[in-house]
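Asker: Kindly return the folded structure for what I paste below:
(2 chains)
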Amino acid sequence: MSKNIDLTQEGIQVKRSCCFFCHQNCGVLAYVKDGRILEIEGDPNNPTNQGALCCRGNIALKHLDHPARVNYPLKRKGKRGSGEWERISWDQALDEIAAKLDQIRNEFGAEAVTTAGGTQRTDDWARRRFMNLYGSPNGFHNAHLCWIPTFMVETAIYGWCPFETDLTSSRCLVQWGHNPGASGMPEMRGINDLKQKGLKVIVIDPKFTETASKADLWLPLRPGSDLALALAWLNVIIWEGLYDAAFIENCCVGFNELAQHVKDYTPEWAAPLTWLDPELIREGARMYATNKPGNIQWGVAIDQSGTPAGAAMHARALLRAVTGNLDAPGSDLLTGPSKEFITDEEMEANEWLPEEQKAKQIGSDRYKITSWPGYGKIAQLCKDVWGKAPTAEWMCEAHPPSVYRAILTGEPYPVKALLVSATNPVNSYGESLQVLEALRKVDFLVTCEYWMTPSSMLSDYVLPIAGALERPTFHSVYGCSDFVIATQRAIQPMYERRTDFDFWRDLGIRLGQAEMWPWETLEEANYYRIYPLGYGVSSYDEFVEKVFYHFPEREYYKYGRIGFATPSRRVELVSSTLAELGYPSMPTYIGPAENENDDPDLAEKFPLVLTTGGGFMPFHHSEHFQIEELRFLRYEPYMDINPTTADKLGIKDGDWVWIETERGRIKQKANLTQGIHPRVIVTQRGWWYPEREACEPELGGCLESNTNVLTSVADKDCDPIGGSWANRGLLCRVYKVESSTITSGSNGKDGK
Amino acid sequence: MARYAMVLDTRRCIGCHSCTVACKVHNDLPVDMIYNPVTTVGPVGVFPHVHMEFIPLLCMHCANPPCVECCPTTASQQREDGIVWVDENKCVGCKACVMACPYGARIPNHEKGVVQKCDFCKDRLVLGKEPYCVATCHQRARIFGDLDDESSEVYRLVNQENVVRLLPELGTEPYVFYIMD
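Answerer: This next block holds a predicted model:
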């Protein structure tokens, strides 16, 4: 990790590994000697990063052997959360966990065992496979907040999610609630390159972000009002005649109905809802519709907006359809699943989960498109047309807030165990106070982790997990891309770390699943998956070293040959799939989860509008606060506030302030900026303090600055279609931290 | 003979600090030492009419480096290829160069008792590699090369783009050039 290391010395092997600190999975070359990594650098041949690495990528070796890492299986000695641990063997841990899971299944049914996941650090087909064979439908991630409902709504309308943006010949890119300038460095490089060639960039974001600073047009909308904006854009494009008549005639159904439906959603109607000038709304719609081909890049903002999220995804999806920006060169491509390698879905053993167990999936009675009722229907359509289905893990899950509630209330049935892998739920899931209570209450809690996080602190067992350099990575965009980028482990896991694949497999074998786990290692499983590509390699590592990645030849306009994977085989501007599931077939206006129009009393008490947590360098979600080579850049959490508002509230730059919603309050420091509307507040996500005590009641300061204390998971604030809870567009108030209020807890109910 | 230079394309920089971290980690710098900070200017203006720029900084490897001139022990030196560097064996940590440098590019190392600075990763150049901050930059906002080589990218940019040097009035003649929007 240093200029002082001689990389020309004998015996060094260069391994083609990757970074796992966000989803881009940038390539990393690791210089390995005698089983130790001496140095890493960006892999210049990796198509994603082409040699570059961001802040996080650069600290890979600090992460690999950080003194705070969990390196051995731990079993709690004292009370839960007491911080007293006993080191045990993997065999003992797995035997005891398996025995407990067997007992719970016998006593309460398999559905009483649930699993929580985070962002991708894992091979979650293995987790799904374990859960399907065990018999529980109750796995979940923060999927509902991140792309998954978008994927499912778009697939309902045009048969696949067009997540692959064919930017090279694009003329206009809409970044809708997405800031690659702080969260997707390789993506941003592409935008920088293409901007110099004339690509127009529209940024829709309440905050003047890094990406907005490079944009041609910035639309600073009221947080959570994306639906009103999307409907107004549809109105402009349709009623100004900017739509693609040929595409609509040949490929779509329901255009006339849609045109009538959006007739009254004019820019003048949307202006007071979005806080945007009607002319600015028109300018954006015209720019997108008339600079063809164009792209709308997915961003999490809509997914995280709660109540209106599903309708907003729906309206945004229709913008691509009416402009014909689907599967044409330069537009958003409907690649479909890979027909060449074995996909995640094919590894999941979904057919082994009995129908009666699928029916018990928590939340599937309400949030249907992201659970078995909707997924089952859409997966079948995909199989009929594409030959394969989207991944079920992520796309078809239990509703996380409903699971935490079930732990607390026993409704709809008792939940007794939570297996946590690659997530720190206290900081990552909505309404932290409820999540924390659930983690404290659940009978049996197991965490697979790198660190002692606030959530692992509360566990019965903490298991040490291998990081990116210690495991092979099969990168195929949650199992849904038609391409794969394959990287290898640089070294075997250090200490007693194992991969999550090993965990699920070894647990499965102890629970009678031995026959279903023919692959002893992740490399064997990955080899099985790439074998059909026909490169004639004899191992997965040989594939990585000789082939590295597989991109199929691009075929545009596939719908001309196979149609769209919908019931009508056309783009359904009036969606029959959504209607069959009991949802509106066209997007209809719903206000933001909390807003001044529907609830003026609430707005009086909480006069500011809050959006929580976009990505910011150098952290990722709730990670990396331990690493001083990153933490020095941002030692403390910051919230953005307009100087006019701050002045009225007596807040100066750098003051600690309370941000409070109906759920509770947190402390962050004020960053005074003209980059947001005077009525908008933006908080940073993820914050906890690993330097604090790792036991009750401190739990690493996990509530103090944690923006999820503020978010809402109440059913009334959740999107009825996809179950997204409300992180954006909430009502809040802000006031300075004074000596009289500094010591109170984070629930905002005391100390004032 | 080469004359090394760097061009910073602020049209492309997004202020991600990857260069800062890469430099720190790979040069084994203590946490409180930064050779190449990135400053954020803005958002300037009044909402919603604002703009923002990111200005990466580092040693300017001046043609007339005041830090070399003022060094009482000749620890501060300039090579023929323009790289300004410190011979740590000769440095006594008097900090005269810290005072002399108008760009704040001289950083005392309190652990070692010497002053250190960016040296364009001269040890990597020997291996045919670019400085860490250049190699790590996703945005390709940092371009490094030999200004004496007419086929180099830095030569092209310095001669074709509208580049500026920082504090030109001081006559230090930096070999770090900025492309501004």
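
Asker: so what's A:Leu408 closest to, chain neighbours aside?
Answerer: Nearest residue to A:Leu408, sequence neighbours excluded (CB to CB, 6 or more residues apart in numbering or on different chains): A:Ala438, at 5.5 Å. The C-beta positions use only the backbone N, C-alpha and C, and glycine is treated the same way.

Asker: and the one you found, how many neighbours?
Answerer: 24 (other CB atoms under 10 Å in any protein chain shown).

Asker: Spell out which residues of chain B are next to chain A.
Answerer: By CB under 8 Å from any CB of the partner chain, the residues of chain B that approach chain A are B:11-12, B:14-18, B:20-22, B:24-28, B:31-32, B:42-48, B:50-54, B:121, B:123-124, B:127, B:135-140.

Asker: coming back round to it: surely the residue nearest to A:Leu408 is within a helix?
Answerer: Yes: with DSSP: H, G, I helix; E, B strand; the rest coil as the criterion, A:Ala438 is assigned to a helix.

Asker: My read is that it contacts A:Gly410, right?
Answerer: No: using CB atoms under 8 Å, A:Ala438 is not in contact with A:Gly410; the gap is 11.9 Å.

Asker: circling back: sort out for me which of the residues of chain B next to chain A are in helices.
Answerer: Using DSSP state H, B:Ser18, B:Thr20, B:Val21, B:Ala22, B:Lys24, B:Val25, B:His26, B:Asp123, B:Arg124, B:Ala135 are the members of the residues of chain B next to chain A that sit in helices.

Asker: list the contacts for the first one?
Answerer: Applying CB atoms under 8 Å, 6 or more residues apart in numbering or on different chains, one finds that B:Ser18 lies in contact with A:Ala52, A:Leu53, A:Cys54, A:Cys55, A:Gly57, A:Asn58, A:Met185, A:Met617, B:Thr136, B:Cys137, B:His138.

Asker: mind listing what the closest residue to it other than its chain neighbours touches?
Answerer: Computed as CB to CB, 6+ apart, the closest residue to B:Ser18 that is not its neighbour in sequence is A:Cys54, at 4.6 Å. By CB under 8 Å, 6+ apart, the contact list for A:Cys54 reads A:Cys26, A:Met185, A:Met617, A:Pro618, B:Cys16, B:Ser18, B:Thr136, B:His138.

Asker: Ok, A:Pro464 next?
Answerer: A:Arg69, A:Val70, A:Asn71, A:Tyr72, A:Pro73, A:Glu449, A:Tyr450, A:Tyr495, A:Glu496, A:Arg497, A:Arg498.

Asker: ok so, going back, so who does the residue nearest to A:Leu408 touch?
Answerer: A:Tyr404, A:Arg405, A:Ile407, A:Leu408, A:Leu418.

Asker: For the host helix or strand of B:Tyr178, give me every contacting residue.
Answerer: Assigned by DSSP states H and E, B:Tyr178 belongs to strand B:176-179. Applying CB under 8 Å, 6+ apart, the contact partners of strand B:176-179 are B:5-11, B:55, B:58-61, B:154, B:157-158, B:161-166.

Asker: Of these, select the buried ones using a PyMOL command.
Answerer: To isolate the buried ones among the contacts of strand B:176-179 in PyMOL, judged by 16 or more other CB atoms under 10 Å in any protein chain shown, type:
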select buried, chain B and resi 5+6+7+8+9+10+11+55+58+59+60+61+154+157+158+163+165+166
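
Asker: Return a ChimeraX selection command for the buried portion of the residues of chain B next to chain A.
Answerer: Paste this into ChimeraX to select the buried members of the residues of chain B next to chain A, with burial taken from 16+ other CB under 10 Å:
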select /B:11,12,14,15,16,17,18,20,21,22,24,25,26,27,43,47,48,50,52,53,54,121,124,135,136,137,138,139,140
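
Asker: what's the neighbour count on A:Ile641?
Answerer: When neighbours are defined as other CB under 10 Å, A:Ile641 has 28 of them.

Asker: er, A:Gly387 actually
Answerer: Residues near A:Gly387, counting by other CB under 10 Å: 11.

Asker: swap in the one 5 residues further on?
Answerer: Look at A:Ala392: counted by other CB under 10 Å, it has 24 neighbours.

Asker: Now it. Its backbone dihedrals?
Answerer: When quoted as degrees, to the nearest 10, the phi and psi of A:Ala392 stand at phi -90, psi -40.

Asker: what's the closest non-adjacent residue to it?
Answerer: In space, and not counting its chain neighbours, A:Ala392 is closest to A:Asn350: 5.0 Å by CB to CB, 6+ apart.

Asker: Contact partners for that neighbour?
Answerer: A:Arg128, A:Asn132, A:Ala392.

Asker: Please convert those to JSON lines, extending it with distance to A:Ala30.
Answerer: What follows is the contacts of A:Asn350, written out as JSON lines (distance: CB to CB, whole Å):
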{"residue": "A:Arg128", "distance to A:Ala30": "29"}
{"residue": "A:Asn132", "distance to A:Ala30": "34"}
{"residue": "A:Ala392", "distance to A:Ala30": "33"}
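
Asker: still on that earlier bit, export the contacts of B:Ser18 to a markdown table and tack on distance to A:Thr611, pLDDT and secondary structure?
Answerer: Below are the contacts of B:Ser18 laid out as a markdown table (distance: CB to CB, whole Å; pLDDT from 0 to 100; DSSP: H, G, I helix; E, B strand; the rest coil):
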| residue | distance to A:Thr611 | pLDDT | secondary structure |
| --- | --- | --- | --- |
| A:Ala52 | 29 | 98 | coil |
| A:Leu53 | 29 | 98 | coil |
| A:Cys54 | 23 | 97 | coil |
| A:Cys55 | 23 | 97 | helix |
| A:Gly57 | 27 | 97 | helix |
| A:Asn58 | 29 | 97 | helix |
| A:Met185 | 22 | 95 | helix |
| A:Met617 | 18 | 94 | coil |
| B:Thr136 | 30 | 98 | coil |
| B:Cys137 | 29 | 98 | coil |
| B:His138 | 26 | 98 | coil |
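
Asker: Relative to A:Glu515, which of those residues is nearest.
Answerer: Taking CB to CB as the measure, A:Glu515 sits nearest to A:Gly57 out of these, at 40.0 Å.
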